[in-house]
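In: I need the structure of the sequence given here:
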Amino acid sequence: MVLKYSSTDANSLQGVSYYRLKQTDFDGKSKTFSPVSVSCSADVQVSVTYYPNPFTSGLKVEVENVSSDKGELTIYNLLGNKVASKSISRSELENKSFTMDLSDLAIGMYSIVFQSDAYIATSKIVKN
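Out: Below you'll find the model as predicted:
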């Protein structure tokens, strides 16, 4: 099973920063992954907003300051299983909003992951 993680560095420095993940299993074994570089700019605040939340069928997605040619939205259930996804085009990112039809999802809580070339964010959404 593939799980995706995200984290926000509230004290990031302007310019390029390097991060790496160290995973420690319940049995005490650990693995350190290769570093990744992230370019941070102090003047631009990227945001992704979902509403209404809770929703019943359609979920509106608003993106601000995402400078990328494409993006991906992936929705996971509480067990970490991928239940829906959407490729986001450059025009949808430039329009700054679009709606996802999620009427087929069961009632419950989900994690939604937005990912572009330089930005990743995870949020919780609830379907009533």
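
In: going forward, measure contacts and count neighbours with C-alpha atoms only.
Out: Fine.

In: And the lowest-mean-pLDDT helix or strand in the chain, how far out from the chain middle?
Out: Scoring the helices and strands of the chain by mean pLDDT, DSSP states H and E places strand 36-40 at the bottom, with a mean of 78. Relative to the centre of its chain, strand 36-40 is centred 16 Å away, using Cα atoms, centre = their mean, to the nearest Å.

In: The nearest residue to Ser12 once chain neighbours are set aside bridge partners, please.
Out: Spatial nearest neighbour of Ser12, excluding adjacent residues (Cα to Cα, 6 or more residues apart in numbering): Cys40 at 7.2 Å. Beta-bridge pairing for Cys40 (DSSP bridges): Gly15.

In: Please work out how many residues are found near Cys40.
Out: By other Cα atoms under 10 Å, the residues close to Cys40 number 14.

In: which residues touch it?
Out: Listed by Cα atoms under 8 Å, 6 or more residues apart in numbering, the contact partners of Cys40 are 12-17.
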